[in-house]
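Q: sequence first, then the predicted structure:
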Amino acid sequence: MIPPGLLPPRPPHAHKGDAGHVFLLAGSVGFSGAAALCTMGALRIGAGLVTLGLPKSLHDPMVEKLTEAMLKPLPETKAGSLSLKALPEIVSAIEQRDATAIGPGLSQQAQTKELVRQLLPKTRKPLVLDADGLNALAEEVVLLRKLPLPIILTPHPGEMARLIKLSSQDVQQDRERIAREFAKRYRVIVVLKGHETVVASFDGTVYVNETGNPGMASGGCGDVLTGMIVGLLGQQLALFDAARLGVYLHGLAGD
């Protein structure tokens, strides 16, 4: 169970600025739904303000879908994914927000993956890395040793397998040990998703979640979780607390 008091009560006089402003980097042509679900997760968990950075061609359809979020259209590749030219704008946007999530629906276009790899060492705000952000990292995991701050990684078993160069079956057979050792080796928080999601901290602490059910085995659930965790980071929760509370509430909502 999650200890009570992780999420501080919101005083009656609170305003949106008190609940954090988060920045999401997500979406590409063909994968706009991931960006939308991540954004809604951040909004529903209580983030005061949410800005979604996305390829410019997705701006108009997303305006129809996301009426509560702010949108930042960014330079894109010919394939409709984020371009390396967007790097300076993204770095500036992150510096102005309280927390960041990178990855849902970004695609595996070569230029977009390079954008992620160049962006990570420049990010000095609490960060959640998911989905295609993890796929970009898998080609250069040593980058984790060069980051200015610990970050949260939210892999499913397949993504974890790519990070450590094993099979998904290997990961599933020893989930807790693999998550704990990876977290300690690279000084990160690992959220290894799946039945009884494991949240492992670099200090050796491990939380195994008991909420959730098989009905949540559906495309988009992980994108919602990423939004929830970054929304909690924006409300000033510590990395490990935001990760385990996000996982707990995500499963509880599914139940």
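A: That came through fine. Numbering: from 1, shown residues only.
Q: just checking, Leu252 is part of a helix?
A: Yes - secondary structure of Leu252 (DSSP: H, G, I helix; E, B strand; the rest coil): part of a helix.
Q: so for His156, what's the nearest residue that isn't a sequence neighbour?
A: Lys193 (4.7 Å; CB to CB, 6 or more residues apart in numbering). For the C-beta atoms, the positions are set from N, CA and C on the backbone; glycine is no exception.
Q: residue boundaries of the helices in the stretch 51-200 of the chain?
A: Taking DSSP state H, counting those that start in this stretch as the test, the helices found in the stretch 51-200 of the chain are 59-65, 87-95, 110-119, 132-138, 157-164, 168-173, 175-186.
Q: could I get the ones you listed as JSON lines with mean pLDDT, mean neighbour count and distance to Asp223?
A: JSON lines is the format used below for those (pLDDT from 0 to 100; neighbours: other CB atoms under 10 Å; distance: least, CB to CB, whole Å):
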{"stretch": "helix 59-65", "mean pLDDT": "95", "mean neighbour count": "12", "distance to Asp223": "13"}
{"stretch": "helix 87-95", "mean pLDDT": "98", "mean neighbour count": "16", "distance to Asp223": "19"}
{"stretch": "helix 110-119", "mean pLDDT": "98", "mean neighbour count": "20", "distance to Asp223": "16"}
{"stretch": "helix 132-138", "mean pLDDT": "97", "mean neighbour count": "24", "distance to Asp223": "11"}
{"stretch": "helix 157-164", "mean pLDDT": "97", "mean neighbour count": "20", "distance to Asp223": "13"}
{"stretch": "helix 168-173", "mean pLDDT": "97", "mean neighbour count": "14", "distance to Asp223": "20"}
{"stretch": "helix 175-186", "mean pLDDT": "98", "mean neighbour count": "19", "distance to Asp223": "20"}
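Q: now these as JSON lines including distance to His21?
A: Output for the helices of the stretch 51-200 of the chain, formatted as JSON lines (distance: least, CB to CB, whole Å):
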{"stretch": "helix 59-65", "distance to His21": "18"}
{"stretch": "helix 87-95", "distance to His21": "10"}
{"stretch": "helix 110-119", "distance to His21": "18"}
{"stretch": "helix 132-138", "distance to His21": "20"}
{"stretch": "helix 157-164", "distance to His21": "28"}
{"stretch": "helix 168-173", "distance to His21": "35"}
{"stretch": "helix 175-186", "distance to His21": "28"}
